[in-house]
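Colleague: Structure for the following, please:
(one chain, ligands or ions: 2)
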Amino acid sequence: MRPFRYTRAEDVTGAVALLAEAPNGAFLGGGTNLVDLMKLEVATPDLLVDVRRLTSDQVEELPDGGIRIGAATPNSELAAHPLVRSRYPVLSQALLSGASGQLRNLATAGGNLLQRTRCVYFQDVTTPCNKREPGTGCSAIGGYNRELAILGTSPECIATHPSDFAVALVALDAVVHTQGPEGGRRIPMTELHRLPGDEPHRDTVLAHGELITAIEVPPLAFATRSRYRKVRDRAAYAFALVSVAAAVDVVDGVVRDVRIALGGVAHKPWRAGRAEELLRGGPAREDRFRAAAEAELADAQPLPGNAFKVPLARNTLTRTLLDLVDGSG
Ligand SMILES: Cc1cc2nc3c(=O)[nH]c(=O)nc-3n(C[C@H](O)[C@H](O)[C@H](O)COP(=O)(O)OP(=O)(O)OC[C@H]3O[C@@H](n4cnc5c(N)ncnc54)[C@H](O)[C@@H]3O)c2cc1C
Ligand code: SF4
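Modeller: Ligands and ions are numbered 1, 2, ... in the order given. Sure thing, here's the model as predicted:
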């Protein structure tokens with residue numbers, strides 16, 4: 001690990017100012033991803049600004065029935081919070097499906113959204129990787145790519161975004177609040193993460209030194225019966241091969257409204273807008289669910305190593321919707 005300075009700021013403005021003057025500095029949340037990457041010399045910040053005590057670490061109820069999650073809220077407290085469990089079970093299930101109890105105690109809501117890809121080449125500084133070192137090439141495209149993306153890929157990068165929490169937030173139309181050198185802004189979760197295009201080193205639309213301060217989840221009455229289903233190689237301590245976050249509102253056998261996002265399939269949490277559109281107003285039946293899943297995956301461009309993800313995503317989405325309408329969700 002390379003030498004670096006560690007500091008704390010008095011407040012959010014101070015933290016943002018510190019990073020504005022440190023082009024190679026980084027914010028430190030729980031450190032459960034960043035410190036690992038520093039040990040591997042994948043990340044080499046010269047300054048760490050600890051932000052755990054700067055923003056709220058609480059979940060608050062909003063007047064409209066939504067919730068506001070402070071960026072410093074530990075993943076474990078967030079998953080266990082009564083408002084989250086009762087109004088947005090999909091969020092709680094997504095958080096509990098990730099990492100381990102100890103890691104979730106340390107990991108923060110803000111840091112979770114900005115964790116980096118688990119592509120094995122990204123984590124190995126001896127191999128070419130456009131995300132880690134722009135212009136060097138992508139080792140995964142002709143190499144090991146079993147866990148990598150099938151949707152929205154580019155010839156430069158086929159990495160997947162690893163956060164389960166982010167997938168659930170995308171399905172719920174959450175909004176991220178930030179404070180940066182140019183002031184504050186609100187970014188819809190659907191727009192926070194990027195597709196790789198020809199700039200795969202940029203995971204998100206955030207500027208350098210832009211701090212996530214909070215996440216707001218709007219009210220959604222039918223999210224009380226939402227669900228997160230994650231398919232992975234082991235039952236614990238494994239990232240998603242494919243995951244589905246979904247909530248469905250069915251009245252008299254008809255889908256009145258629906259929210260779906262997929263994880264493990266793209267460089268960003270994938271909002272399944274095409275499937276949602278096909279489902280709204282139609283019968284809540286298995287053949288319709290399967291047709292919607294097929295439509296969502298129609299543009300998939302898998303490689304031989306990850307082609308299994310196309311039927312896996314189709315079946316996982318269909319099964320999750322069936323569980324929700326059967327009442328077992
Ligand atoms: C063994 C293991 C298994 C795991 N399994 C899963 C899993 O299955 N699913 C899953 O989703 N996750 C999993 N994780 C990842 C874990 O959830 C993340 O490491 C954690 O959520 C990151 O949060 P943190 O606060 O520790 O972030 P840090 O490591 O502190 O930071 C991560 C990034 O966010 C930036 N950052 C931190 N806070 C802010 C902020 N407020 N504003 C702007 N930038 C900020 C940092 O600069 C850094 O770039 C696993 C991790 C490990 C080690
Ligand atoms: S898929 Fe992306 S992260 Fe993985 S080696 Fe290729 S460029 Fe790097």
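Colleague: Just the pLDDT for the residue of the chain positioned farthest from its centre.
Modeller: Ranked by distance from the centre of the chain (CA atoms, centre = their mean), the top residue is Asp252, with 33.3 Å. Listed pLDDT for Asp252 reads 96.
Colleague: how long is stretch 116-125 from one end to the other?
Modeller: Distance between the boundary residues of stretch 116-125 (CA to CA, to the nearest Å) amounts to 15 Å.
Colleague: tell me which residues in it are buried?
Modeller: Arg116, Thr117, Arg118, Cys119, Val120, Tyr121, Phe122, Gln123 (16 or more other CB atoms under 10 Å). Backbone N, C-alpha and C define where each C-beta goes, glycine included.
Colleague: Surely the second one and His161 touch.
Modeller: Translated: Thr117. Yes - here Thr117 reaches His161: they are 6.7 Å apart, a contact under CB atoms under 8 Å.
Colleague: list residues touching both of the two?
Modeller: Jointly contacting Thr117 and His161 under the rule CB atoms under 8 Å, 6 or more residues apart in numbering are Asp203, His267.
Colleague: so what's the residue in the stretch 201-329 of the chain that ligand 2 sits nearest to closest to, chain neighbours aside?
Modeller: The minimum distance from the stretch 201-329 of the chain to ligand 2, using CB to the nearest ligand atom, falls at His267 (8.1 Å). Spatial nearest neighbour of His267, excluding adjacent residues (CB to CB, 6 or more residues apart in numbering): Pro196 at 4.8 Å.
Colleague: Could you check how far that neighbour is from ligand 1?
Modeller: Distance, Pro196 to ligand 1, by CB to the nearest ligand atom, to the nearest Å: 17 Å.
Colleague: mind checking the SS state of the closest residue to Asp257 other than its chain neighbours?
Modeller: Leaving aside its sequence neighbours, Asp257 sits nearest to Asp249 (CB to CB, 6+ apart; 4.3 Å). Judged by DSSP: H, G, I helix; E, B strand; the rest coil, the three-state class of Asp249 is strand.
Colleague: Tell me who's in contact with Asp249.
Modeller: Contacts of Asp249 (CB under 8 Å, 6+ apart): Ala221, Phe222, Val255, Arg256, Asp257, Val258.
Colleague: Mind pulling up the pLDDT for it?
Modeller: 98.
Colleague: any idea how far it lies from Ser243?
Modeller: Going from Asp249 to Ser243 by CB to CB, to the nearest Å gives 21 Å.
Colleague: now do Gly327
Modeller: 21 Å.
Colleague: Comparing these two, which shows the higher neighbour count?
Modeller: The neighbour count for Gly327 versus Ser243, taken as other CB atoms under 10 Å, is higher for Ser243 (28 against 7).
Colleague: Find the helix or strand that that one is a member of.
Modeller: strand 242-251 (DSSP states H and E).
Colleague: Okay, helices next: where are they in the stretch 51-200 of the chain?
Modeller: Ranges of helices within the stretch 51-200 of the chain are 75-80, 82-87, 89-96, 101-106, 109-113, 164-171, 189-192, based on DSSP state H, counting those that start in this stretch.
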